[in-house]
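Student: 3D, please:
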Amino acid sequence: MLPKIIIHNVVSLNGSLTGFDPNIEKYYEIARTYKHDAVLVGSNTAKAGLEMFYDKITPEKKSDFKKPILKSDDKTPLWIIPDSRGILQNKLHVIRQSGYCKDIIVLISKKTSKSYINYLKERNYDYILTGEDHVNYKQALEIIYDKYNVKAIRMDSGGTLNSILLSQGLVDKISILLSPVIVSKSNNYLIKKLNKASEKGKIDLNLIKNKIVDKNHVLLIYKVIK
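Tutor: Numbering: from 1, shown residues only. Predicted coordinates for the structure are as follows:
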């Protein structure tokens, strides 16, 4: 079995994720309405967030080497982070301490360095190894569903990861908070490139909700037709 996955992003009118000031408060207000057990966060997105909100990465403490004690009634989502290149090495403790997740599951591949795997083991981070050069997302998600009882996932990621999961038929819904702005230059769009998306070279969607939000923003929710 696979978890149900919804992509949720705030974008400009021309589909950019960057180059403007998004309404973060409204974005997360909407995100909280989606029932989800975990958030799938791209490693580049996580790294960019750390650089945006922290002047420097604080040193690790002894407690950072221990797995958090999880309470049965804790509704805080898990974070799932694909990071086969290990770009979050020596940074994951900041995310774990943030309070936004109850713990982290890292997705890696056979190309992941031994030093990063040792780093994860020493600090008691759960990790799932699938795929050769890159993470095998379908296999990893099946494991996450079975092992962690994760039935619904919200994506908080950039265009690359969005495109990969869409291309592989793993996304069920797309939620877009459309901002009243057009960005002239951007290298990060909601969707970058669809690889072998379908025989027709496209992915069909079904609009299931449209709503004007705070007069200037529009919320669009689509179901992915598979």
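Student: going forward, measure contacts between C-alpha atoms and count neighbours the same way
Tutor: Will do.
Student: ramachandran coordinates for residue 175?
Tutor: Listed backbone geometry of residue 175 is phi -110, psi 120, with angles given as degrees, to the nearest 10.
Student: residues touching it, list them.
Tutor: Contacts for residue 175 (CA atoms under 8 Å, 6 or more residues apart in numbering) come out as 6, 7, 8, 9, 219, 220, 221, 222.
Student: please list the outside residues in contact with stretch 86-98.
Tutor: In this structure, residues lying in contact with stretch 86-98 by CA under 8 Å, 6+ apart are 43-44, 47, 57-58, 60, 64, 101-104, 112-113, 116, 119.
Student: report the two of the contacts of residue 175 separated the most.
Tutor: Within these, 6 and 219 form the most distant pair, 13.9 Å apart (CA to CA).
Student: more crowded one of those two?
Tutor: Between residue 6 and residue 219, residue 6 has the larger neighbour count (other CA atoms under 10 Å), namely 27 against 17.
Student: against residue 165, how distant is that one?
Tutor: Using CA to CA, to the nearest Å, one gets 10 Å for the distance from residue 6 to residue 165.
Student: overlap in contacts of these two?
Tutor: In contact with both residue 6 and residue 165: residue 171, using CA under 8 Å, 6+ apart.
Student: and the strands in this structure?
Tutor: Ranges of strands within the chain are 4-11, 38-41, 78-82, 104-108, 126-129, 152-156, 173-178, 205-213, 217-224, based on DSSP state E.
Student: CSV for those, including distance to residue 71 and mean pLDDT?
Tutor: Below are the strands of the chain laid out as CSV (distance: least, CA to CA, whole Å; pLDDT from 0 to 100):
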stretch, distance to residue 71, mean pLDDT
strand 4-11, 24, 98
strand 38-41, 16, 98
strand 78-82, 13, 98
strand 104-108, 15, 99
strand 126-129, 17, 98
strand 152-156, 19, 98
strand 173-178, 30, 98
strand 205-213, 35, 97
strand 217-224, 33, 98
